[in-house]
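Q: Provided below are the primary sequence and the corresponding predicted coordinates.
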There are 2 protein chains.
Amino acid sequence: MANARRLARKPVNQYHHGDLRRALLEAALRTIQKQGVHALTLRAVGDELGVSRSALYRHFADKSALLAAVAREGFRTLRRELQQAWEHAGKGRAGLDAMGDAYVRFAIAQPSHYRVMFGSGFEREAADAELIEEGTRAFLTLMNALIEEQQQGRVRPDDPEQLANFIWSLVHGIAMLAIDGAFRPGTDAQALTRFALERLRTGIAAALA
Amino acid sequence: MANARRLARKPVNQYHHGDLRRALLEAALRTIQKQGVHALTLRAVGDELGVSRSALYRHFADKSALLAAVAREGFRTLRRELQQAWEHAGKGRAGLDAMGDAYVRFAIAQPSHYRVMFGSGFEREAADAELIEEGTRAFLTLMNALIEEQQQGRVRPDDPEQLANFIWSLVHGIAMLAIDGAFRPGTDAQALTRFALERLRTGIAAALA
DNA sequence: ACCGCAATGTTGACGGTGTTCACATTGAGT
DNA sequence: ACTCAATGTGAACACCGTCAACATTGCGGT
């Protein structure tokens, strides 16, 4: 038998699992998305895989490390979606809009996962280098797009990192407040995103008199 | 003896406390600010006040409710600081800048408290009406300032609520990312705030050619 | 083909947590 | 002075993360 990977449950009467680490990750993510971070218990994820509750400790240092890995996975797919939005929209002004929209859409589509990605749940000290690097790569996707736009003369030649921090803060703020239900009832986060991206370009000041 | 309020520890050999609810709130806030939300345990706060660990349940439905009350208190002081910044700076453009600066400063000065204010730790369903109202009042402080500026012709006559949502998202995003240590090392959150508020006014687009 | 060993999974236990329930103590109003 | 609702107590429960001792397995060297 060539393929030995078993991503689903552990077959009965089988001591070793095959790729338990990945299975744990996926099960954890599933639970988080379906029931929130607070519902994630090591015993539950173990049971779901037909595995002991402490088997996890052979693959992750502790619960924090598991959450950090889930977060890292989140940044990976977020980066891919940002990059794809940017390129699929043909870069340029439409590309930036598409990125902003994709960012907020990602957060709203998987609120619990997004929340895990930003500190809630595990200590920042436990943030392994891999997590930091993956987050940085997602950030650089935005920053590089801005640099391209600057070279095309469409964006002010400010420090691109500061510019990227600025925009990242904006979409992150919208995403977080939308997820937390902090906006007044009836607020449409997608519409707000579009509005914000437009105001972002031209500013909020009244036309010069 | 006229004044019967006892905000500090419970006097020994005294069954009733006097104002345990407020004392619990202050003790909880103290612990949160000093050691973070994760360190807040009902037993510890009880011990600190020389009171049984389950006495809390006479004043709060559960731990979530206690955190919600702490959050509510946070929104109260945040609103006051925003209002004060706005007025002390003489309103106008300087007033808006002062508000933005005060907002981020508040979050950075008391990161754990600020985090409690935004969902992390208690269920949003447990958000009593009082918490929502206090949050709304803080939001309205910003929105009313924007309306004033619109009337003075200094801010675009867009829907003020959407405008306020936009700005709130921006400062909230900066605050959250700064608190979580998500910015690249060496990033100065205050400087970023000033930059963001300036770009907010004029936009990021390059000058029209 | 065997064997030893490192890797992987299991079981039982421990301390800590939020929460509940029956009970104890008090103060305020009649 | 008496009652009763309000407030505080103590023991108990279920659950959780974590660990240490043990069981089982697959793999590399001979």
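A: Good, I have the coordinates.
Q: The strand or helix carrying A:Phe75: which residues count as buried?
A: Element membership for A:Phe75 (DSSP states H and E) is helix A:63-88. Buried residues in helix A:63-88, counted by 16 or more other C-beta atoms under 10 Å in any protein chain shown: A:63-75, A:78-79, A:81-83, A:85-86. Where C-beta positions appear, they are placed from N, C-alpha and C, glycine not excepted.
Q: cool, and stretch A:147-158?
A: A:147-150, A:154-156.
Q: What is the most widely separated pair among the residues you listed?
A: Greatest spatial distance among the buried residues of stretch A:147-158 (C-beta to C-beta): A:Glu148 and A:Arg156, at 13.8 Å.
Q: Backbone dihedrals for A:Ala205, both of them.
A: phi -60, psi 150 (degrees, to the nearest 10).
Q: cool, A:Ala107 as well?
A: phi -60, psi -40.
Q: so who does it touch?
A: A:114, A:175-176, A:178-179 (C-beta atoms under 8 Å, 6 or more residues apart in numbering or on different chains).
Q: tell me, which of those make contact with chain B?
A: Contacts with chain B within the contacts of A:Ala107, as defined by C-beta under 8 Å from any C-beta of the partner chain: A:176, A:179.
Q: Tell me which two in the contacts of A:Ala107 are the farthest apart.
A: A:Tyr114 and A:Ala178 (10.2 Å).
Q: which residues sit in contact with the nearest residue to A:Leu131 once chain neighbours are set aside?
A: Counting by C-beta to C-beta, 6 or more residues apart in numbering or on different chains, A:Arg72 is the residue found nearest to A:Leu131 once chain neighbours are left out, at 4.5 Å. Applying C-beta under 8 Å, 6+ apart to A:Arg72 gives the contacts A:128, A:130-131, A:134.
Q: Of those, keep whichever come out buried.
A: Taking 16+ other C-beta under 10 Å as the criterion, what is buried in the contacts of A:Arg72 is A:128, A:131, A:134.
Q: Can I get those residues in CSV including secondary structure, pLDDT and distance to DNA strand D?
A: Output for these, formatted as CSV (DSSP: H, G, I helix; E, B strand; the rest coil; pLDDT from 0 to 100; distance: C-beta to the nearest atom of the strand, whole Å):
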residue, secondary structure, pLDDT, distance to DNA strand D
A:Asp128, coil, 79, 15
A:Leu131, helix, 93, 17
A:Glu134, helix, 95, 22
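Q: What is the nearest of those residues to chain B?
A: Distance to chain B across the buried ones among the contacts of A:Arg72 (C-beta to the nearest C-beta) is lowest for A:Leu131, with 10.9 Å.
Q: low-scoring stretches of chain A, by residue?
A: Residues of chain A meeting the criterion pLDDT under 70: A:1-13, A:15-16, A:120-127, A:207-209.
Q: quick one, helices of it?
A: A:20-35, A:42-48, A:63-88, A:92-109, A:111-117, A:129-151, A:160-179, A:189-202 (DSSP state H).
Q: any chance of the ones you listed in CSV, plus distance to DNA strand C?
A: Output for these, formatted as CSV (distance: least, C-beta to the nearest atom of the strand, whole Å):
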stretch, distance to DNA strand C
helix A:20-35, 4
helix A:42-48, 7
helix A:63-88, 12
helix A:92-109, 28
helix A:111-117, 20
helix A:129-151, 18
helix A:160-179, 23
helix A:189-202, 30
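Q: And these: which comes nearest B:Ala196?
A: helix A:160-179 (4.8 Å).
Q: Can I get the closest one in CSV, CA atoms only?
A: The C-alpha trace of helix A:160-179 is given here as CSV (Å, rounded to 0.1, in the frame of the first residue of the first chain):
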residue,chain,number,x,y,z
PRO,A,160,5.1,52.4,2.0
GLU,A,161,5.3,50.6,5.4
GLN,A,162,3.4,53.3,7.1
LEU,A,163,1.0,53.5,4.3
ALA,A,164,0.4,49.8,4.5
ASN,A,165,0.0,50.0,8.3
PHE,A,166,-2.6,52.6,7.8
ILE,A,167,-4.7,50.6,5.4
TRP,A,168,-4.2,47.4,7.3
SER,A,169,-5.5,49.1,10.4
LEU,A,170,-8.5,50.3,8.5
VAL,A,171,-9.6,47.0,7.2
HIS,A,172,-8.7,45.2,10.4
GLY,A,173,-10.8,47.7,12.3
ILE,A,174,-13.8,47.2,10.1
ALA,A,175,-13.4,43.5,10.2
MET,A,176,-13.1,43.3,14.0
LEU,A,177,-16.0,45.7,14.8
ALA,A,178,-18.2,43.9,12.3
ILE,A,179,-17.3,40.5,13.8
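Q: In contact with A:Gly203, which residues?
A: B:199-203.
Q: Chain neighbours aside, what residue packs nearest to the residue of chain A at minimum distance from chain B?
A: Minimum separation of chain A from chain B (C-beta to the nearest C-beta) falls at A:Gly173, amounting to 2.9 Å. Closest residue to A:Gly173 apart from its sequence neighbours, by C-beta to C-beta, 6+ apart: B:Gly173 at 2.9 Å.
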